[in-house]
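**Q** Task: produce atomic coordinates for the following.
(2 chains)
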Amino acid sequence: MEHAAIKANGLEKWFGEGEARTLAVQSASFEARYGEMLYIVGPSGSGKTTLLSMISGILKPDGGSVIVEGKDLWMLESDEIADLRLNKIGFVFQDYHLFPRLTTAENVAIPLILKKMEWNTALKVALEYLEIVGLKDRAQLPPVKLSGGEQQRVAIARAIAGQPDILVLDEPTASLDGDTGRKIVEFVKTNILNDKRCIIIVTHDSRIDEYADAIMKMEDGKIIGVERNRALKGVGE
Amino acid sequence: MPGILKIALKLLVNDKSKFAALLIGITFAVFLMVMMMSMFSGILARSSSSVYNIGAKIWVMDPAVNNATSSIPMPDYVLSAARSIKGVKYAVPLYFGGAQVKLKSGAYQAVTVVGLDDATLYGRPDLIEGNIENIYAENAFFVAKDAEFSKLESPKIGTEFEINDFRGVVVGLAMVASSGLFGVPTLYTTHSRAVTYIPSTRFTTSFILVEPKSDADIPYIQQQIKKLGYQALTRNEFVKKISDFYTYKTGIGMNILLMTAISFIVGLSISGQTFYTFILENLDKFGALKAIGAKGRVLISMILFQASFTALIGYGLGVGLASTMIILARIRIPDYAAQVTYMTLGFAFVMVLIIAGVSSYIGVRKVLQIQPFDIFRG
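**A** Numbering: from 1, shown residues only, chains lettered A, B, ... in the order given. Coordinates of the predicted model:
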């Protein structure tokens, strides 16, 4: 599949006021394609997370546009953007942000419940996704009883439970040891990625580069190159 | 219950220490508010007990009278004048006085003596034991079987006592709607015997009880009595006058109001602070929900539900605790003046809703301010 899941055009974001005003992301144009696992890499403070937030409908850019499903994301009403996030985009946060007072299954069921699925049905579906990530036997435990790698997999199960077309993972290996991190990314590549889904990973962990279909490099808020099919090409190819 | 509210409920109740602190705060506040207002209601109800127990439609009195037990005697012509007013079916005198009774054991006990009109016995209580005509027997008294009854050493028919060196005999036990405020037993006798047995002032009519021919005659009767320089109040007006006296002129009302306000502030502080901490601790989770796609109104509904749920449980526990306390107190102290009224329950409910509202407002503001981007940034 070649068509774009997300297309960013000239994105720009400023932070701060007056003399402290800094340009976090400038003239960022790229596309993320279905069937592709795209890495956004770069040193700390290069604007990776800011860019990820703008393309996933979380942070409004100061300039440029984000096209998702042919619609300009930031021209939509806030409720429509929330609906788009709920239905089209799955998030795996760096710190997982699982609810410690809920069971693992209930955590996974959250996007389904937000979609107004009936409680018992949502829990049943959540079990199916826990089975995909190999944690069905942990369904009734609270997340705090799970290891870091298991929590990461629960977060992935929650992100894909709503069947999003786009999956966004922020530093998925940051809190994990090298081996577990590689296993998680390999799992995502093998079991979660398909022709109808696009996965975007923000990372600065070069140990997992082997799983990327495309790598977009950032530095000082600018995209300095996109390596697609593992051959470095120019910006906005 | 919608799934998202179930999530909200689990987030709340599974955080056991916070939930317990929230419940304790609200329960404590409701308990104190209900106790304060119930005691006040009890005091007000007791303060008007004579008016309810005697039950006349119109009470004529000196305008300076503030309650039934501190009457100012009126001259006899007022009674005659009242009887001559158009619309008056009948008017009778009533004596209210205090005396010391010497009991069989030799102990002295203060009592209230009610002297009923000799001819009609208007305002007489219902009898549990004895016959009404026995009141005309020599030295006869009825004893009100209320919370103070035991202070007269639980007399029976035939029990004798001394009242101002006169012999008194119990000829009946009377049932009354409520006990008096000051913890004093009540004796009923005829007006003539009361004024004979008890040292009296020049005038002996404490109140004049008036029965109008119809309710439509009441305003005219009140107007005519006013022309005589006295005041005619319906039963409800007299009860209100007594309530107003205790509420505004004795300091009881203000003290109760202050205690209720303090209870409210304490409850609000504990619950508001705890709920705010609860929201702060879960702020990243609410942010994550927002990032996943929860709309602002969904998050607001979760917080409102959590606050309302806690408030209602706390309200139930607080009311239950206060009621249990009053019941237990009554077992130990029969004349304990406290009663839980619908008004008290309603007022406490409104106060609890305000506590929940303020707590929610703080939480909602904080949650709506959180940006999902902050979650990404960690």
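**Q** Would you check that A:Ala28 makes contact with A:Ile224?
**A** No: no contact is recorded between A:Ala28 and A:Ile224 when judged using CB atoms under 8 Å, the distance being 10.8 Å. Using the backbone N, CA and C atoms, a C-beta is placed for each residue, glycine as well.
**Q** So whatever residue of chain A ends up closest to chain B, which state does it fall into?
**A** Each residue of chain A has a distance to chain B, by CB to the nearest CB, and the smallest belongs to A:Leu86, at 2.6 Å. Reduced to three states with DSSP: H, G, I helix; E, B strand; the rest coil, the structure at A:Leu86 is helix.
**Q** Name the SS class of B:Val60, please.
**A** With three-state DSSP as the basis, the three-state label of B:Val60 is strand.
**Q** Can you pull the residues of chain B lying near chain A?
**A** By CB under 8 Å from any CB of the partner chain, the part of chain B that sits against chain A consists of B:2-4, B:6-7, B:10-11, B:14-15, B:284-285, B:287-296, B:298, B:371-373, B:375-378.
**Q** Out of these, which end up buried?
**A** Buried positions within those, assessed by neighbour count (16 or more other CB atoms under 10 Å in any protein chain shown), are B:3-4, B:6-7, B:11, B:15, B:284-285, B:287-295, B:298, B:371-373, B:375-376.
**Q** other SSEs contacting the longest helix along chain B?
**A** Taking DSSP state H as the criterion, chain B has its longest helix at helix B:296-332. Counting contacts by 3 or more CB pairs under 8 Å, 6 or more residues apart in numbering or on different chains; DSSP states H and E, helix B:296-332 is packed against helix B:3-13, helix B:16-47, helix B:252-281, helix B:283-292, helix B:342-369.
**Q** tell me which strands and helices the longest one is in contact with?
**A** Judged by 3+ CB pairs under 8 Å, 6+ apart, helix B:16-47 is in contact with helix B:3-13, helix B:235-248, helix B:252-281, helix B:296-332, helix B:342-369.
**Q** rank those helices by pLDDT, which is bottom?
**A** Taking each of these in turn, the lowest mean pLDDT turns up on helix B:252-281, with a mean of 83.
**Q** ok, the residue of the stretch 151-300 of chain B at minimum distance from chain A - contacts?
**A** Closest contact between the stretch 151-300 of chain B and chain A, by CB to the nearest CB, is at B:Gly293 (2.6 Å). Counting by CB atoms under 8 Å, 6 or more residues apart in numbering or on different chains, B:Gly293 touches A:Ala82, A:Asp83, A:Leu84, A:Arg85, A:Leu86, A:Asn87, A:Ile89, A:Pro111, A:Leu114, A:Gly162.
**Q** contacting residues around the closest residue to it other than its chain neighbours?
**A** Using CB to CB, 6 or more residues apart in numbering or on different chains and skipping the chain neighbours, the partner closest in space to B:Gly293 is A:Leu86 (2.6 Å). A:Leu86 sits next to A:Pro111, A:Leu114, A:Lys115, A:Gly162, B:Ile292, B:Gly293, B:Ala294 when contact means CB under 8 Å, 6+ apart.
**Q** Check A:Arg21 too.
**A** For A:Arg21, the residues meeting the contact criterion (CB under 8 Å, 6+ apart) are A:Trp14, A:Phe15.
**Q** Let's see that with 6 Å instead.
**A** Taking CB atoms under 6 Å, 6 or more residues apart in numbering or on different chains as the criterion, A:Arg21 is in contact with A:Trp14.
**Q** Phi first, then psi, for it.
**A** Summarising the backbone geometry of A:Arg21 under the convention degrees, to the nearest 10, its torsions are phi -70, psi 130.
**Q** I'd like to know how far it sits from A:Leu52.
**A** Spatial separation of A:Arg21 from A:Leu52 under the definition CB to CB, to the nearest Å is 22 Å.
**Q** and if you look at A:Thr180?
**A** A:Thr180 is 22 Å from A:Leu52, where distance means CB to CB.
**Q** what about these two, which has more around it?
**A** For A:Thr180 versus A:Leu52, neighbours defined as other CB atoms under 10 Å in any protein chain shown are more numerous around A:Leu52 (21 against 17).
**Q** Tell me the spatial nearest neighbour of the more buried one, not counting adjacent residues.
**A** Across the structure, with CB to CB, 6+ apart as the measure, the residue nearest A:Leu52 apart from its sequence neighbours is A:Val202 (5.1 Å).
**Q** Tell me which helix or strand the one you found sits in.
**A** Element membership for A:Val202 (DSSP states H and E) is strand A:198-203.
**Q** Quickly find the element holding the most centrally placed residue in chain A.
**A** Note on chain A: the residue nearest the mean C-alpha position is A:Val168, at 0.7 Å, using CA atoms, centre = their mean. Counting by DSSP H and E, the element that carries A:Val168 is strand A:166-170.
**Q** on contacts alone, who are the packing partners of that strand?
**A** Using 3 or more CB pairs under 6 Å, 6 or more residues apart in numbering or on different chains; DSSP states H and E as the contact definition, the elements that strand A:166-170 packs against are strand A:89-92, strand A:198-203.
**Q** any idea of the angle whichever helix or strand comes after it forms with strand A:198-203?
**A** Taking DSSP H and E as the definition, the helix or strand that follows strand A:166-170 towards the C-terminus is helix A:178-187. On the basis of axes from the mean of the first three to the mean of the last three CA atoms, to 10 degrees, helix A:178-187 is oriented at 160 degrees to strand A:198-203.
**Q** Now do helix A:178-187 against strand A:166-170, angle only.
**A** Between the direction of helix A:178-187 and that of strand A:166-170, the angle (the same axes, to 10 degrees) works out to 170 degrees.
**Q** tell me the mean pLDDT over helix A:178-187?
**A** Helix A:178-187 carries an average pLDDT of 82.
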